[in-house]
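**Student:** Structure here, sequence nowhere to be found:
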C-alpha cells in the first residue's frame, strides 16, 4: 500500500514539476527552433554567396573562443566542411527546439539543449556590444536543459500523451521522455546539487574569463575594434603583412583608412590613404577564412574574425637603407595598430 502511495506522490510531484517548467520549456525551445526558422524560412542564411551567411557569423566566434578554437578555425578554413556543419547544426537546432517545445522525448531533447548551449557559451560567450548577449543565452540554456531533464515535460507534453502507459510498465523510457525518473528521490539529491553547483561554477568561470564579471576590471571585447598585425616584411619591392581582426562588434567591420611606413625619425616613406585602400586589387588580398577582408566604398573593411595577408608593391622599397621601420594601420575611429619592420 505504501509503495502505491509513494508512486502516486512521485507521479504527482513530477507532474507539478513539468507544469511549473512549462514556460521555460516553451521559450527555451523557441530560442533554438527560431534559429532554424530564421535561416531557412524567413531568409536564406545558409547560402555562402549571400549576405548574412551563418558561416560568417560562426567565423566571428573564432578570435576568443574558449576550448573549441581549433575546431572553429578548421571549419572556417574549409568552406565546404563549414557549410555542411552549418546545415547539420541548423537541422539539429530545429529538431531539438521543436520537440522540446512539444515535449516529445523531453529529456533526450534537454541533453540536446544543454549541448547546444554549451557550444554557444564556449564559442561566442565573449560577444555582446551592449550587454553579455551570447554569454547569457549560453549559460541560461545550460541551466534550462539541466532543469528540464530533471522535471520532464509533465502532463502538458506529447510524452504524457504517447508514453504514459509505457512509462508505467517500463520505466527506462522515462530517461528519454518524461514522468518519474526510476531513481529514489533521496538518491537524486546529490546529483542535483552537484550538477547545479557545477553549472554555477561554469557560469562564474566563463563570466570571469570572458568579461571579468566576478572580480577585477570589467572588459568587453565587442566594443572597440582590435587588429593584430603580424608577419610584416619588405621583400622584392613588396610590403607584406597579415591582419587579424580579433575584437570589436560583430555586426560591422573595422574600417581601415590608412596604412603607412615610417623610419626611426618619423618620416613617412610609404602611405596609402582611404581612397587608395578602397581600390585595393583583390589579388593583393589573400584571405584565410570565410569572413573576408575586402575593399569598401571609402576604406578597407576588416570583419570580425577575418584574417588576411596584404601585399603592397612600391618602388620606394628598392632604395630603403638598412634599419628599423614602423608599419602603422589607422582605423576610422582613430585607433592605430603597428608592427616593426627590420631591413
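**Tutor:** Received, thanks. What you are looking at is a predicted structure, and each value in this text was computed from that prediction instead of being measured.
**Student:** Name all residues that make contact with residue 182.
**Tutor:** Neighbouring residues of residue 182 by C-beta atoms under 8 Å, 6 or more residues apart in numbering: 171, 172, 174, 175. C-beta coordinates here come from the backbone N, C-alpha and C atoms, glycine included.
**Student:** Run a quick neighbour tally on the last one.
**Tutor:** Residues near residue 175, counting by other C-beta atoms under 10 Å, number 14.
**Student:** from what I can see it touches residue 181, true?
**Tutor:** Yes - counting by C-beta atoms under 8 Å, residue 181 is a contact partner of residue 175 at 7.2 Å.
**Student:** what's downstream of the helix or strand harbouring residue 232, the next helix or strand?
**Tutor:** Secondary structure from DSSP states H and E places residue 232 in strand 226-235. On the C-terminal side of strand 226-235, the nearest following helix or strand under DSSP H and E is strand 238-247.
**Student:** Partner strands of that next one and their direction?
**Tutor:** strand 226-235 (antiparallel), strand 307-313 (antiparallel) (DSSP bridges).
**Student:** do you know which of those strands lies nearest residue 207?
**Tutor:** strand 226-235 (21.0 Å; C-beta to C-beta).
**Student:** List the buried residues in the closest one.
**Tutor:** 226, 227, 229, 232, 234 (16 or more other C-beta atoms under 10 Å).
**Student:** cool, and stretch 206-226?
**Tutor:** 206, 207, 210, 211, 213, 220, 221, 222, 225, 226.
**Student:** ok, residues contacting it?
**Tutor:** Residues contacting stretch 206-226 (C-beta under 8 Å, 6+ apart): 64, 66, 121-122, 125-129, 132, 135, 138-139, 204, 245-250, 253-254, 302, 331, 333, 335, 337.
**Student:** neighbours of residue 193, just the number please.
**Tutor:** Neighbours of residue 193 (other C-beta under 10 Å): 10.
**Student:** In three-state terms, label it for me.
**Tutor:** Under DSSP: H, G, I helix; E, B strand; the rest coil, the three-state class of residue 193 is helix.
**Student:** tell me the domain boundaries of the chain?
**Tutor:** 2-211, 226-342 (automatic domain parsing).
**Student:** will you turn those into JSON lines that also has mean pLDDT?
**Tutor:** Supplementary listing: those in JSON lines, determined by pLDDT from 0 to 100:
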{"stretch": "domain 2-211", "mean pLDDT": "91"}
{"stretch": "domain 226-342", "mean pLDDT": "94"}
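**Student:** How far away from the center of its chain is stretch 86-95?
**Tutor:** Distance of stretch 86-95 from its chain centroid, counting by C-alpha atoms, centre = their mean, to the nearest Å, is 15 Å.
**Student:** tell me which residues in it are buried?
**Tutor:** Buried, per 16+ other C-beta under 10 Å, within stretch 86-95: 86, 89, 90, 92, 93, 94, 95.
**Student:** In terms of helices and strands, where is the fifth one?
**Tutor:** Taking DSSP H and E as the definition, one finds residue 93 inside helix 79-102.
**Student:** Check which element follows that helix along the chain.
**Tutor:** Immediately after helix 79-102, counting by DSSP H and E, sits helix 106-124.
**Student:** Tell me what angle that next one forms with helix 79-102.
**Tutor:** 140 degrees (axes from the mean of the first three to the mean of the last three C-alpha atoms, to 10 degrees).
**Student:** picking up where we left off before, format the buried residues of stretch 206-226 as a markdown table; extra columns: secondary structure.
**Tutor:** Conversion of the buried residues of stretch 206-226 to a markdown table gives the following (three-state DSSP):
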| residue | secondary structure |
| --- | --- |
| 206 | helix |
| 207 | helix |
| 210 | helix |
| 211 | helix |
| 213 | coil |
| 220 | coil |
| 221 | coil |
| 222 | coil |
| 225 | coil |
| 226 | strand |
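**Student:** Residue 43: which of those is nearest?
**Tutor:** residue 222 (23.3 Å).
**Student:** what's the nearest residue to the closest one if we skip its chain neighbours?
**Tutor:** Spatially, and ignoring its direct neighbours in sequence, residue 222 is nearest to residue 129 (4.7 Å; C-beta to C-beta, 6 or more residues apart in numbering).
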